[in-house]
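> Sequence and computational prediction follow.
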Amino acid sequence: MCGIVAYIGTKPAQQLLLEGLKRLEYRGYDSAGLAVLENGKLEVVRAVGRVSNLEDKIEDIGGFRGSIGLCHTRWATHGGVTEFNAHPHTDDKNGIALVHNGIIENYAALKTYLQEKGHTFKSQTDTEVLAMLIGELYEGDLEAAVQAALREVTGAYAIAVICEKEPNVMVVARKGSPLMVGVGAGEYVVASDASAIISHTTQAFALDDYNVVKLTREGFRTSTIHNVPVNSKIMQLELELQEIELGGFSHFMQKEIFEQPKALTNCIRGRLQLEEGRIHLGGVGNFSKEMSKLKRVVLTAQGTALHAAMIGEYLFEDLAKVSSVAEYASEFRYRNPIVEENTAVIAVSQSGETADTLAALQEAKERGALAMGVVNVVGSSIARETDAGVYLRVGPEIGVASTKAFTGQVAVLTMLAMYLGRKRFMSPDQCRDLMHELEQIPAKIERILEQDAKIKTITERYIHRENWLFLGRGYNYPTALEGALKLKEISYIHAEGMPAAEMKHGPIALINDGMPAVFIANKGRQYEKVMSNIQEVRSRGGHIIAVATEGDKEIQKYAEDVMYVPECPECLSPLLTVVPLQLLAYHAAVLRGHDVDKPRNLAKSVTVE
């Protein structure tokens with residue numbers, strides 16, 4: 001949930017750290033802080049709010065020239081948003097500073113133990129407890145103290161630690177929260193996301209759970225928390241700097257909405273073998289026999305990814321004729337789920353680090369399921385935990401409200417369902433026809449994006465309304481949920497998504513004069529049913545905003561406003577119908593004056609429960 005950047009090398013650390021922190025601010029922006037070792041002395045500055053506030057405070061005191069330091073941007077868990085609760089946290093006797101992502105679950109017991117030892121705490125955080133514990137166990141070897149402390153810890157962590165008494169050493173460690181080390185010439189850049197590393201080096205290695213890395217300017221050593229040596233494999237980062245910069249757009253969310261044609265082209269490239277009428281997915285090829293025997297598919301996710309998984313539920317039943325269900329990962333992991341023979345559990349996550357989704361996958365794997373992943377970030381925790389999986393290949397997503405990752409997830413789940421369907425009953429011609437339609441989706445999204453100005457005008461008419469409904473049927477019931485979520489996330493308008501037929505069973509009582517009701521009314525098997533639902537809302541004074549198929553003039557008799565999408569097979573329609581809803585939410589947030597990329601109380605990667 002938070003962002004970590006740390007540096008040890010020959011350059012002044014301050015500017016490098018702050019630049020990296022700005023790139024990670026989408027991971028948390030309640031408060032920020034920086035610690036630098038300068039002439040053997042630890043200097044710590046912290047500020048409430050955005051990284052710019054921290055930058056101003058550092059400038060006011062003249063800045064630092066030290067070449068080893070660490071910094072953090074926070075999304076609050078333990079303790080409120082205050083300067084005392086901001087990271088880095090320090091111990092009270094050895095000049096140790098620490099930044100931390102994750103949650104220390106047994107912090108209360110550890111805090112009591114440390115208080116009995118005479119330590120005094122200044123914050124409400126679990127992180128300060130870890131800093132104090134390392135200090136209590138420190139006997140002249142920072143690496144050993146970190147290893148010893150982590151052996152006492154229950155929970156998740158990604159940490160970076162420095163110490164006045166060892167001014168040429170940094171120690172970093174990870175369990176359950178992402179952390180990687182960028183490797184340069186006589187220098188290392190540590191970060192919780194590659195976007196903070198890529199402008200300095202393209203060589204990096206990711207830490208596995210329970211890894212501890214000791215960094216000096218001369219080299220590094222990787223071990224476990226029990227001091228067992230580990231070989232770290234350095235890899236080439238595929239990320240490009242321009243992918244994480246705004247370019248000519250006002251916000252990352254806007255950029256990522258408009259990147260969807262290119263992102264989906266990259267997602268499907270090389271995976272559709274039209275001549276053979278076959279889907280090629282390299283990440284699942286070794287398990288093709290197991291997949292052909294599947295009797296049940298469970299898709300597990302949270303938030304936007306869950307809505308993609310719900311569409312996947314329809315896809316697997318429709319295209320592969322296999323029993324499917326989409327589950328909240330946070331519920332699945334704490335139930336006593338029945339995982340029968342020939343069951344696959346597919347974890348869907350943009351970051352590949354979503355804590356609940358990772359835990360659900362691990363639980364399913366323990367019960368004998370084929371563990372599969374649909375993630376965007378290469379080498380992420382879910383990707384490493386799975387037996388098989390497919391990367392989205394849509395490029396980095398910086399905006400907190402997911403857009404291109406959602407359409408990437410739906411596209412990958414479509415290809416997975418087609419892959420399985422082809423092995424079970426789909427003919428080459430059936431598969432080829434659907435692949436041809438899928439290939440045309442990026443160009444069709446381009447046509448929808450041409451309506452951006454029109455959608456902004458529609459949005460202007462309704463942004464004063466504080467309650468909205470989003471309704472759809474079949475494949476587009478989850479799309480309605482996603483549209484409502486987008487509006488809630490960034491404009492702070494209350495919105496409720498539901499199946500259109502469910503409205504009559506209670507929610508119709510909410511409808512009052514002028515209430516916006518967004519209907520996904522594209523042509524499909526349930527078009528006439530949706531039209532009936534539209535008239536039910538209209539007769540009670542609701543204002544209808546429809547997403548309809550190009551050429552549908554009938555809908556204009558019943559809807560105050562219409563956003564058109566090109567015609568396509570019903571199973572692919574969510575890839576199109578969601579785009580006007582993304583634009584609607586984006587414009588609502590901008591028109592209401594909100595920070596689109598950093599909505600309140602939210603962060604990009606949810607690595608805590």
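Done, it's in.
> quick one: the strands in the stretch 351-500 of the chain?
Secondary structure of the stretch 351-500 of the chain (DSSP state E, counting those that start in this stretch): strands at 370-375, 388-391, 467-472, 494-499.
> residues of the first one that come out buried?
By neighbour count, and taking 16 or more other Cβ atoms under 10 Å as the criterion, the buried residues in strand 370-375 are 370-375. Glycine gets a C-beta too; all of them are placed from N, C-alpha and C.
> ok, now the third one?
For strand 467-472, the neighbour count (16+ other Cβ under 10 Å) marks 468-472 as buried.
> any idea which of those is closest to residue 413?
residue 472 (17.5 Å; Cβ to Cβ).
> Contacts only, for that closest one.
Residues in contact with residue 472 (Cβ atoms under 8 Å, 6 or more residues apart in numbering) are 478-480, 497, 499-500, 519-520, 530, 577.
> List only buried entries from those residues.
Counted by 16+ other Cβ under 10 Å, those give 478-480, 497, 499-500, 519-520, 530, 577 as buried.
> out of these, which one sits closest to residue 443?
residue 577 (16.1 Å).
> Doesn't that closest one lie inside a strand?
No - the assignment for residue 577 (DSSP: H, G, I helix; E, B strand; the rest coil) gives helix, which keeps it out of a strand.
> Could I get the average pLDDT for stretch 313-320?
For stretch 313-320, mean pLDDT is 96.
> now do stretch 279-287
Averaging pLDDT along stretch 279-287 yields 89.
> In that stretch, which residues are buried?
279, 281, 283-284, 287.
> Just the endpoints, please. Distance across it?
Stretch 279-287 stretches 14 Å from its first residue to its last (Cα to Cα, to the nearest Å).
> Make TSV out of the buried residues of strand 467-472 and add pLDDT and distance to residue 132.
What follows is the buried residues of strand 467-472, written out as TSV (pLDDT from 0 to 100; distance: Cβ to Cβ, whole Å):
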residue	pLDDT	distance to residue 132
468	96	48
469	95	51
470	97	48
471	95	53
472	95	52
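> Turn those into CSV, columns for distance to residue 106.
As requested, these are exported to CSV (distance: Cβ to Cβ, whole Å):
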residue, distance to residue 106
468, 43
469, 44
470, 42
471, 46
472, 45
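> now the helices for the stretch 51-200 of the chain?
According to DSSP state H, counting those that start in this stretch, the stretch 51-200 of the chain carries its helices in the segments 51-60, 107-116, 126-137, 142-150.
> Name the residues that touch the shortest one?
Residues external to helix 142-150 that are found in contact with it (Cβ under 8 Å, 6+ apart): 96, 130, 133-135, 137-139, 157, 159, 161-163, 165-166, 169, 171, 173, 175, 210, 212, 214, 221, 223-227.
> out of the residues you listed, which are inside strands?
Using DSSP state E, the subset of the contacts of helix 142-150 located in strands is 96, 157, 159, 161-163, 166, 169, 171, 173, 175, 212, 214, 221, 223-224.
> Greatest separation within those: which pair is it?
Farthest apart among the ones in strands among the contacts of helix 142-150 by Cβ to Cβ are 166 and 175. That separation is 22.7 Å.
> returning to that earlier point: which stretch among the strands of the stretch 351-500 of the chain comes nearest residue 3?
Residue 3 sits nearest to strand 370-375 of all the strands of the stretch 351-500 of the chain, at 19.4 Å, using Cβ to Cβ.
> now for that closest one, which elements pack on it?
Contacts defined by 3 or more Cβ pairs under 8 Å, 6 or more residues apart in numbering; DSSP states H and E place strand 370-375 against strand 343-349, helix 355-366, helix 381-385, strand 388-391, helix 404-424.
> returning to that earlier point: so which of the strands of the stretch 351-500 of the chain is nearest residue 340?
Using Cβ to Cβ, those put strand 370-375 closest to residue 340, at 11.7 Å.
> Note down every partner strand of that closest one and its orientation.
With DSSP bridges as the test, strand 370-375 is paired with strand 343-349 (parallel), strand 388-391 (parallel).
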